[in-house]
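> sequence and predicted model, in that order:
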Amino acid sequence: MPNNSGQVTRYFVFQSNGDGDKVFYVADEQDWTEPLQLFEAVIEMYNFASIIPSTRDSSGSPDIREQIKTLKDDLSKHFKDTFMSKRTHDNAGEDGSGPSKRPRESKGGQRDNPDNGLSCSKDVFEDSTVIDTLTGDGIVLESDDEDEYGLTPLNQLKPTMRHASRFGTSVVVKYVPSDSNEASILQYLHSTKPAPGIIPLLKTFRLDLGYLIILPEGNPLRHVMNYSPPRSDLMDFSRQLIDAVSFLHQQHIAHLDIKPQNLVVLKHRLFIIDLDISVHVDGPEMLINYCCGTHGWMAPEIEHLDGSRPLYSPIRADLWSCGLVLEYLWEDTVEENPFKELTRQLLDRNPWHRPLLVFDTAGHSLSEPECGMKRKQDAHLSDVKRRKAIVLGLGQ
């Protein structure tokens, strides 16, 4: 229970199957006077209820799961939009996170190369050798199915992913087929330096048909947005999104599917996930001609109604999607979008007029977005073409 100041210390006590009689615990601090922290605690409690084994004994003592379900029902009255899972939405998106704030998000991603792992991912998670390997590393898979109490995890995952716990911490296990770049890109991004805004890679397991990657579990951005976060959080999320996209591009990676479903909040920070269709690029001048991404979030130069496949820059296509997400973050608030000018420029229908995002690694403050930006010649281009860019974080 919180003290009078709202400060909470939470403990998880657990045992690992491979460690005999050893008992482990994890402790962390939370401030329940902060709306986002309280929201995260409520979601974790609800998800935790779906995996707690029955504790009713022969004496007829109450089942803790029933008590938590009662608590969940009470909380649902106060967080109605937040506590709707995939099964309660007839028009939920393919990721089960509920109806979009925009019509464009109601459709799933359209790709030339369908995920070949979807047909076998369920078998992967049910394979005894895989389960034993994960268990040996302290990873216990959880079920996404509805239990006898009608509880399902709030964060419904794609068929290639499963909720799990690792030494008391919630994680996601994702199956990545051999023809996907996601595992190699994540390893590359996290190999030599911190990767701001890119979901951390905790562990990788090699399989005959691909990989299993272990990722920390975050709260989907759309769930957080349902809670109407304060202006300070929106500012942080906007900056962190820009930093993450900038970092990817400086590492010569284009994401190609930036949208709210592929953004999560973990410990009050925004992270990009799902690099399944991401590609290595030489720079913003490199062009490709295959259609990928999600309708309504992909750049206009990619979506052609006549079915043609024009060449386009994946880096500059990312910039458009980044602008749409910035617009999404601020569209339902009475606060003025402090990134309004940057958003407008990123949403220029001419891709060559969109400013490249170049983050200043000196660590200057971004507290005043419009004042903290300067125009600069395109640092990514080696040819004679000099196009406009925006440097983020530079002091005046």
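Received, thanks. Residues are numbered from 1 along each chain as shown.
> and the helix or strand encompassing L357, average pLDDT?
Element membership for L357, per DSSP states H and E: strand 356-359. Mean per-residue pLDDT for strand 356-359: 80.
> what pairs with that strand, parallel or antiparallel?
Strands that pair with strand 356-359, judged by DSSP bridges, come out as strand 388-392 (parallel).
> mean confidence score for the partner strand?
On average, strand 388-392 scores 42.
> one more: stretch 247-254?
On average, stretch 247-254 scores 95.
> now do it: distance from first to last residue.
Using CA to CA, to the nearest Å, the end-to-end distance of stretch 247-254 comes to 10 Å.
> mind listing what's buried in that stretch?
For stretch 247-254, a neighbour-count test (16 or more other CB atoms under 10 Å) marks 247-249, 252-254 as buried. The way it works is simple: take the backbone N, C-alpha and C, and place the C-beta from them, glycine included.
> repeat that for stretch 253-271.
Using 16+ other CB under 10 Å as the test for burial, stretch 253-271 gives 253-266, 270-271.
> got the buried residues of stretch 247-254 as a markdown table, with distance to R309 and secondary structure columns?
Shown next, in a markdown table, are these (distance: CB to CB, whole Å; DSSP: H, G, I helix; E, B strand; the rest coil):
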| residue | distance to R309 | secondary structure |
| --- | --- | --- |
| F247 | 29 | helix |
| L248 | 24 | helix |
| H249 | 23 | helix |
| H252 | 23 | coil |
| I253 | 22 | strand |
| A254 | 17 | strand |
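> nearest to Q187, out of these: which one, please.
Each of the buried residues of stretch 247-254 was checked against Q187 using CB to CB; the closest is I253, at 12.2 Å.
> dump the residue contacts of the closest one.
Neighbouring residues of I253 by CB atoms under 8 Å, 6 or more residues apart in numbering: 185, 189, 275, 278-281.
> restricted to strands, list these.
Counted as lying in strands by DSSP state E, out of the contacts of I253, are 279-280.
> out of the contacts of I253, which end up buried?
Among those, those buried by neighbour count (16+ other CB under 10 Å) are 185, 189, 275, 278-279, 281.
> which one of the residues you listed is nearest to P196?
L189 (10.0 Å).
> how about that closest one: what's its closest non-neighbour residue?
A195 (4.4 Å; CB to CB, 6 or more residues apart in numbering).
> okay, now the one you found: neighbour count?
Neighbour count of A195, defined by other CB atoms under 10 Å: 20.
> can you report how many residues neighbour E331?
Neighbours around E331, by other CB under 10 Å: 11.
> how about R309?
Applying other CB under 10 Å, we find 12 residues neighbouring R309.
> likewise for the one 3 residues further on?
The burial count assigned to Y312 is 19, neighbours taken as other CB under 10 Å.
> okay, domains of the chain per the record?
7-88, 114-216, 220-392 (automatic domain parsing).
> poorly predicted segments of the stretch 251-396 of the chain, please.
The stretch 251-396 of the chain contains residues with pLDDT under 70 at 305-307, 359-396.
> helices of that one, start to end?
314-330, 340-346 (DSSP state H, counting those that start in this stretch).
> can you mark which positions in the shortest one are buried?
For helix 340-346, burial by neighbour count (16+ other CB under 10 Å) applies to 342-343, 346.
> pipe those into a markdown table and attach distance to L215 per row.
As requested, those are arranged in a markdown table below (distance: CB to CB, whole Å):
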| residue | distance to L215 |
| --- | --- |
| L342 | 29 |
| T343 | 29 |
| L346 | 27 |
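> ok, the residues you listed vs T204, which is closest?
L346 (33.3 Å).
> and the nearest residue to the closest one once chain neighbours are set aside, how many neighbours?
Leaving aside its sequence neighbours, L346 sits nearest to G323 (CB to CB, 6+ apart; 3.0 Å). Neighbourhood size, G323 [other CB under 10 Å]: 21.
> same thing with L209?
Neighbours of L209 (other CB under 10 Å): 15.
> could you do R166 as well?
Number of residues near R166 (other CB under 10 Å) recorded here: 19.
> again with Y290
Neighbour count of Y290, defined by other CB under 10 Å: 14.
> that one against R309, yeah?
Yes. In terms of CB atoms under 8 Å, Y290 counts as a neighbour of R309; the distance is 6.7 Å.
> what is in contact with these two at once?
With CB under 8 Å, 6+ apart, Y290 and R309 have no common neighbours.
> so T192 is in which element?
Secondary structure (DSSP H and E) places T192 outside all helices and strands.
> which pLDDT value goes with it?
71.
> distance of it from Q251?
Remark: distance between T192 and Q251 (CB to CB, to the nearest Å) = 10 Å.
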